[in-house]
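K.L.:
Give me the fold of what follows.
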Amino acid sequence: MNPAFYDLAKTLVRVAARVLWRARVVGAQNVPTAGPLIVACNHVSYLDPPLMGCLCPRRISYMAKKELFEVPVLGAVITGLGAYAVDRKGSATSAIRRSLQVLEAGGAVGIFPEGTRNLTGEVQPQTGVALLASLAKAPVVPACIIGSDQALRLKRIDVAFGPPISLQAGRKATREDLAKFTSQIMNAIELLAGSIGGNT
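P.N.:
Next up is the predicted model:
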């Protein structure tokens, strides 16, 4: 990540979000100002990563499908913004390893638990967020974005952050623990959606 480039891009996108979509942020105080952090958000639009990134108080690094890094200019831009590649058709080991490096350095990682845009609400969340939280012993801040799927119609976009939640400490998480924690995260996101008047 190039901090100067990230901060410039964040400012420009935030101004655009305020002007075009009257973007509103709720619960920003729930985002810890320092230390390893995972931000887990619903996903309904290609705009979600930049919008969440510009409206979150922390700098966020995202996983992005590896094909995006092969696109001229875009690859260099998202690399400068701290994104790193994940092969959705192959092993996620390298992406998990990179995520752990970011977290161990005290950074924040943004993840969409559904793994792809969920326009119908039928995509089932993966346990990757819970696994990463377990491996890094990092708290998870549930986040919700509403209205980004209507961005072309210039509908208002709302973003909400909930209080951090953590896996039970003191023992290695089982598969059942990861599944339950994933459900807890998704339930928290659903509650946030209700609190700002939308559905995920």
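K.L.:
how about the strands of this protein, start to end?
P.N.:
Using DSSP state E, the strands of the chain run over 24-26, 37-41, 60-65, 84-86, 108-111, 140-146, 158-161.
K.L.:
how big is the angle separating the longest one from strand 60-65?
P.N.:
Between strand 140-146 and strand 60-65, the angle formed by their directions is 70 degrees, by axes from the mean of the first three to the mean of the last three CA atoms, to 10 degrees.
K.L.:
low-confidence ranges in the protein?
P.N.:
Scanning the chain for pLDDT under 70 picks out 88-92, 115-123, 125, 170-171, 197-200.
K.L.:
Counting residues, which helix of it comes out longest?
P.N.:
Across the chain, the longest stretch assigned as helix under DSSP state H is helix 175-195.
K.L.:
Which other helices and strands does that helix contact?
P.N.:
strand 37-41, helix 128-136, strand 140-146, strand 158-161 (3 or more CB pairs under 8 Å, 6 or more residues apart in numbering; DSSP states H and E). C-betas here are computed from N, CA, C, even on glycine.
K.L.:
give me that answer again for 6 Å
P.N.:
Contacts defined by 3 or more CB pairs under 6 Å, 6 or more residues apart in numbering; DSSP states H and E place helix 175-195 against helix 128-136, strand 140-146.
K.L.:
Quick one: closest of the ones you listed to residue 67.
P.N.:
Comparing the helices and strands packed on helix 175-195 by their distance to residue 67 (CB to CB), the top pick is helix 128-136, with 19.0 Å.
K.L.:
packing partners for that closest one?
P.N.:
helix 93-104, helix 175-195.
K.L.:
Adding mean neighbour count, write the helices and strands packed on helix 175-195 out as TSV.
P.N.:
Putting the helices and strands packed on helix 175-195 into TSV (neighbours: other CB atoms under 10 Å) gives the following:
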stretch	mean neighbour count
helix 128-136	21
strand 140-146	26
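K.L.:
mind checking which of the ones you listed is nearest residue 51?
P.N.:
Comparing the helices and strands packed on helix 175-195 by their distance to residue 51 (CB to CB), the top pick is strand 140-146, with 6.3 Å.
K.L.:
Could you give the separation of that closest one from the chain centroid?
P.N.:
Here strand 140-146 is found 7 Å from its chain centre; the criterion is CA atoms, centre = their mean, to the nearest Å.
K.L.:
Need the contact partners of that strand.
P.N.:
With CB atoms under 6 Å, 6 or more residues apart in numbering as the contact definition, strand 140-146 has outside contacts at 31, 38-42, 48, 133, 158-162, 164-165, 185, 188-189, 192-193, 196, 198.
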